[in-house]
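> fold the following and give me the result.
(chains A and B)
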Amino acid sequence: GAGVSQSPSNKVTEKGKDVELRCDPISGHTALYWYRQSLGQGLEFLIYFQGNSAPDKSGLPSDRFSAERTGGSVSTLTIQRTQQEDSAVYLCASSKGAGELFFGEGSRLTVL
Amino acid sequence: DQQVKQNSPSLSVQEGRISILNCDYTNSMFDYFLWYKKYPAEGPTFLISISSIKDKNEDGRFTVFLNKSAKHLSLHIVPSQPGDSAVYFCAASALNDYKLSFGAGTTVTVRA
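As a prediction, the model looks like this:
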């Protein structure tokens, strides 16, 4: 597709389980971002990938969160031992460089 | 530490009138500012941006004003239309930093 694709769109899991969220960026976009939006909150930066550079992980809230980007394209955000406070919409975005980000529709995670 | 602040969580305006959304920032290194619009169950979409070398940028019904000395920007929508009802996020980035910092958003409701 032409836009950023995320899967799953909705995920309900039990506390303590691991989850993986996937992002397919726009073809040709070298930068990929993960943000999350908790209920009633703004967009919180999590992690940023740019080309072959080391990712900026400064926004990851704990070591239960990790992300990888394979082949400079698809990215997976992994949350281990999920907690109820991890419930949020996880948004992936891509860009050609600095400036406008193109967002996917998000993956809504609910931890019971 | 919220570097971008949108102090009005909601705004209600009559169709045809002007909507004014405000945004304040604290990081003096920010030099590029964007507004994103978000409908429910969709990802944010880019609306308009402004560089710190300008104090105004206009695109159709949307105008963004930047006051660097006050670290303040605003988005004007005139005339407001029912389709403008959405959440509006202010975002900012610093030179050579691809990461965007977002505000908490302002929910705009345009009344017919």
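> strands of chain B, start to end?
Taking DSSP state E as the criterion, chain B carries its strands at B:4-5, B:10-14, B:19-25, B:30-38, B:45-51, B:56-59, B:62-67, B:72-77, B:86-94, B:101-102, B:106-111.
> redo those strands as JSON lines? Include distance to chain A and mean pLDDT.
Heads up, the C-betas are built off the backbone N, CA and C, glycines and all. Listed next are the strands of chain B as JSON lines, based on distance: least, C-beta to the nearest C-beta, whole Å; pLDDT from 0 to 100:
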{"stretch": "strand B:4-5", "distance to chain A": "8", "mean pLDDT": "94"}
{"stretch": "strand B:10-14", "distance to chain A": "11", "mean pLDDT": "97"}
{"stretch": "strand B:19-25", "distance to chain A": "11", "mean pLDDT": "97"}
{"stretch": "strand B:30-38", "distance to chain A": "7", "mean pLDDT": "95"}
{"stretch": "strand B:45-51", "distance to chain A": "5", "mean pLDDT": "95"}
{"stretch": "strand B:56-59", "distance to chain A": "13", "mean pLDDT": "97"}
{"stretch": "strand B:62-67", "distance to chain A": "14", "mean pLDDT": "98"}
{"stretch": "strand B:72-77", "distance to chain A": "15", "mean pLDDT": "98"}
{"stretch": "strand B:86-94", "distance to chain A": "6", "mean pLDDT": "95"}
{"stretch": "strand B:101-102", "distance to chain A": "4", "mean pLDDT": "92"}
{"stretch": "strand B:106-111", "distance to chain A": "10", "mean pLDDT": "97"}
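> list the contacts of B:Ser85.
For B:Ser85, the contacting residues are B:Val108, B:Thr109, B:Val110, by C-beta atoms under 8 Å, 6 or more residues apart in numbering or on different chains.
> coming back round to it: between the strands of chain B, which one is closest to A:Thr13.
Smallest distance to A:Thr13 across those (C-beta to C-beta): 24.6 Å, for strand B:30-38.
> which elements pack onto that closest one?
strand B:19-25, strand B:45-51, strand B:62-67, strand B:86-94 (3 or more C-beta pairs under 8 Å, 6 or more residues apart in numbering or on different chains; DSSP states H and E).
> using JSON lines, lay out the contacts of B:Ser85 together with neighbour count.
Formatted as JSON lines, those follow (neighbours: other C-beta atoms under 10 Å in any protein chain shown):
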{"residue": "B:Val108", "neighbour count": "21"}
{"residue": "B:Thr109", "neighbour count": "14"}
{"residue": "B:Val110", "neighbour count": "21"}
